[in-house]
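*Asks:* Below is the sequence, then the predicted model.
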Amino acid sequence: MSSGSTRSVGLGVPHRKDRRVGALARYVFAATLVRSADGGAVVAIVLLAHACGMPGWLAGLLGASITAPHLLGPFIARRLDTARDGRKVIACSAVLHGVLLGAAALLLPVVWPIWPIWPAMLLFVSGIFGPMLTGGISSRLPSIAGPELRSQRRAQSWDVASCGLSGTLGPAAVAWIAATSGALTATLALAGAAVVGAGAVLALPRQEPLDQAVVVPSPGRTLSIIWERGPLRRTLGLTVTVAFSVAALPIYAVATAPGFGGAAAAGTLIAAYGVGNLLGSAALMLRPLRRAADPLMSSLAALVAATLIVVMLTPTLPTSLIAFCLAGIANALFFAATLAARSEYAPIEARGQIFIWVGALKIAAGSAGTAAAGATIAQTVWAPLLLATALTAAAARPASSSNPVHA
């Protein structure tokens, strides 16, 4: 090979790396925007309902009308795998989510004393598109990161950070705007973020469409594929179990806050958990996961269970803050392992649907975990975390090493 050719090849690698870095930065921006719009929607609607004078039970039902339809998301997810350009499917979902959320917010103050069913219906349809903005967008990562396993693992670390940021940024932005400009303005700003995020999604690199000869399975068949393949079945089972378990932490924080000096301690503890998530993401960026995803998930689920035990054993506010932070770190590491498993074990013809199925069931499990924690904490303050620890430890059975399946 000539020296000129050598220089050309040598210059090509950094150029390709630079393009991937730029694409990943655009991905994090787009994903954080659309996920913040989804994650902050419940807080925005509940605040708006209270501002309109609605009773608490009705405000709660309106909030649930956004989250409950996430379970229906997988039934529209097939379009993501069949589309010639999946970016347009996700962008369209973001626009519909934002427009319907904004329309419901404008309608709610006008019609709620007479017939609040119409805003609730708009919110219900808006919620159906939520999984596209959470799990669906993650299915774009493999094409952005490139074929190398290390690059994909590092990109998944950034995705974990995006989820952590949006889970904090969405509700926090809503609360701040509502306090300064009103709940309606906050909800409309959130709807606008979804529309802006749609434009950012379209700026992502285009993923090569599937060969027309490839048969994309139905939603039911996709769920069967998850169940039939051991690594995917364990991914779903562990994801659902850990989501159910860590959902007990906010309830536990509220219950123990009076012993730590007042209600403000609950917010501090939950914030420590969020900080732990971000610290875990940062650690993964510096040193991505290296082991096979299947056995790694079991190990990290066991680590989550161990941190829940530590949370229960801490007697003071400073030690509890450290324990909540450690739980956040462990959950971030576990989440990264599940992202790796979804990317590496899912067949390419069902990758988008598998991301959305796991994400939708994770949200449902988190809601169930919150409800279970609220029901059991009346018996004793330890009950929710004892239940969560037992379930997570039982689910974290060691799995035999599996080689990634790169479709």
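*Replies:* It's in.
*Asks:* Next, the buried residues of the helix or strand harbouring Phe334.
*Replies:* According to DSSP states H and E, Phe334 maps onto helix 317-345. By neighbour count with 16 or more other C-beta atoms under 10 Å, helix 317-345 contains the buried residues 317, 320-345. The C-beta positions use only the backbone N, C-alpha and C, and glycine is treated the same way.
*Asks:* Likewise for stretch 215-230?
*Replies:* So for stretch 215-230, counting by 16+ other C-beta under 10 Å, buried means Val216, Pro217, Pro219, Thr222, Leu223, Ile225, Ile226, Arg229.
*Asks:* That one: how far from the chain's middle?
*Replies:* Chain-centre distance of stretch 215-230: 21 Å, with C-alpha atoms, centre = their mean, to the nearest Å.
*Asks:* In JSON lines, list the buried residues of stretch 215-230 along with distance to Val275 and secondary structure.
*Replies:* Below are these laid out as JSON lines (distance: C-beta to C-beta, whole Å; DSSP: H, G, I helix; E, B strand; the rest coil):
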{"residue": "Val216", "distance to Val275": "40", "secondary structure": "coil"}
{"residue": "Pro217", "distance to Val275": "40", "secondary structure": "coil"}
{"residue": "Pro219", "distance to Val275": "37", "secondary structure": "helix"}
{"residue": "Thr222", "distance to Val275": "36", "secondary structure": "helix"}
{"residue": "Leu223", "distance to Val275": "35", "secondary structure": "helix"}
{"residue": "Ile225", "distance to Val275": "37", "secondary structure": "helix"}
{"residue": "Ile226", "distance to Val275": "33", "secondary structure": "helix"}
{"residue": "Arg229", "distance to Val275": "35", "secondary structure": "coil"}
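*Asks:* and which of those is nearest to Gly167?
*Replies:* Nearest to Gly167 among those: Ile226, at 24.5 Å, using C-beta to C-beta.
*Asks:* Now for the residue nearest to Leu100 when sequence neighbours are not counted: which residues touch it?
*Replies:* Distances taken as C-beta to C-beta, 6 or more residues apart in numbering place Ser126 nearest to Leu100, at 3.8 Å, with adjacent residues excluded. Contacts for Ser126 (C-beta atoms under 8 Å, 6 or more residues apart in numbering) come out as Ala41, Ile66, Pro69, Leu96, His97, Leu100, Leu101, Ala104.
*Asks:* Strands - which of the residues you listed land there?
*Replies:* Here DSSP state E is the test, and the contacts of Ser126 give no hits in strands at all.
*Asks:* Buried only: go through the residues you listed for me.
*Replies:* Neighbour-count burial (16+ other C-beta under 10 Å) applied to these gives Ala41, Ile66, Pro69, Leu96, His97, Leu100, Leu101, Ala104.
*Asks:* Skipping adjacent residues, who's closest to the second one in space?
*Replies:* The spatial neighbour of Ile66 that comes closest, neighbours along the chain excluded (C-beta to C-beta, 6+ apart), is Gly127 at 4.2 Å.
*Asks:* do the third one as well
*Replies:* Excluding the flanking residues, the one nearest Pro69 by C-beta to C-beta, 6+ apart is Gly127, at 3.6 Å.
*Asks:* Could you give the number of residues near Asp294?
*Replies:* Per other C-beta atoms under 10 Å, the neighbour tally for Asp294 reads 25.
*Asks:* ugh, wrong one, I meant Ile251
*Replies:* Using other C-beta under 10 Å, Ile251 has 22 neighbouring residues.
*Asks:* Now it: closest residue in space, sequence neighbours ignored.
*Replies:* Going by C-beta to C-beta, 6+ apart, Ile251 has Ala373 as its nearest residue, at 3.9 Å.
*Asks:* Contacts only, for that neighbour.
*Replies:* By C-beta under 8 Å, 6+ apart, Ala373 lies in contact with Ala247, Ala248, Ile251, Tyr252, Pro384, Ala388.
*Asks:* From Ile329, how far off is it?
*Replies:* Note on Ala373: its distance to Ile329, by C-beta to C-beta, to the nearest Å, is 21 Å.
*Asks:* that older thread, what about the residue nearest to Ile66, which helix or strand?
*Replies:* Here Gly127, judged by DSSP H and E, is contained in helix 117-128.
*Asks:* do the same with Leu386
*Replies:* helix 383-395.
*Asks:* Point out the other helices and strands that that helix packs with.
*Replies:* helix 230-246, helix 248-256, helix 293-313, helix 351-376 (3 or more C-beta pairs under 8 Å, 6 or more residues apart in numbering; DSSP states H and E).
*Asks:* quick one: low-confidence parts of the stretch 1-150 of the chain?
*Replies:* 1-18, 113-116 (pLDDT under 70).
*Asks:* follow-up on the earlier one: show me which positions of the helix holding Gly127 end up buried.
*Replies:* Across helix 117-128, burial judged by 16+ other C-beta under 10 Å covers Trp118, Pro119, Ala120, Leu122, Leu123, Phe124, Val125, Ser126, Gly127, Ile128.
*Asks:* Just the closest of these to Asp85, please.
*Replies:* Ile128 (21.0 Å).
*Asks:* Skipping adjacent residues, who's closest to the closest one in space?
*Replies:* In this structure, Ile128 finds its nearest non-sequential neighbour in Pro69, 4.5 Å apart by C-beta to C-beta, 6+ apart.
*Asks:* pretty sure the one you found is touching Leu122, no?
*Replies:* No. Assessed by C-beta atoms under 8 Å, Pro69 is found out of contact with Leu122, at 11.3 Å.
*Asks:* Against which helices or strands is whichever strand or helix holds Leu61 packed?
*Replies:* Assigned by DSSP H and E, Leu61 falls within helix 56-67. For helix 56-67, the packing partners by 3+ C-beta pairs under 8 Å, 6+ apart come out as helix 41-51, helix 117-128.
*Asks:* could you redo the last one with a cut-off of 10 Å?
*Replies:* helix 41-51, helix 86-111, helix 117-128, helix 351-376 (3 or more C-beta pairs under 10 Å, 6 or more residues apart in numbering; DSSP states H and E).
*Asks:* who wins for proximity to Ser151 among these?
*Replies:* helix 351-376 (17.1 Å).
*Asks:* in that closest one, what's buried?
*Replies:* Buried-residue list, helix 351-376, by 16+ other C-beta under 10 Å: 351-367, 369-370, 372-374, 376.
*Asks:* same question, stretch 294-310
*Replies:* Counting neighbours by 16+ other C-beta under 10 Å, one finds that the buried residues in stretch 294-310 are 294-298, 300-308, 310.
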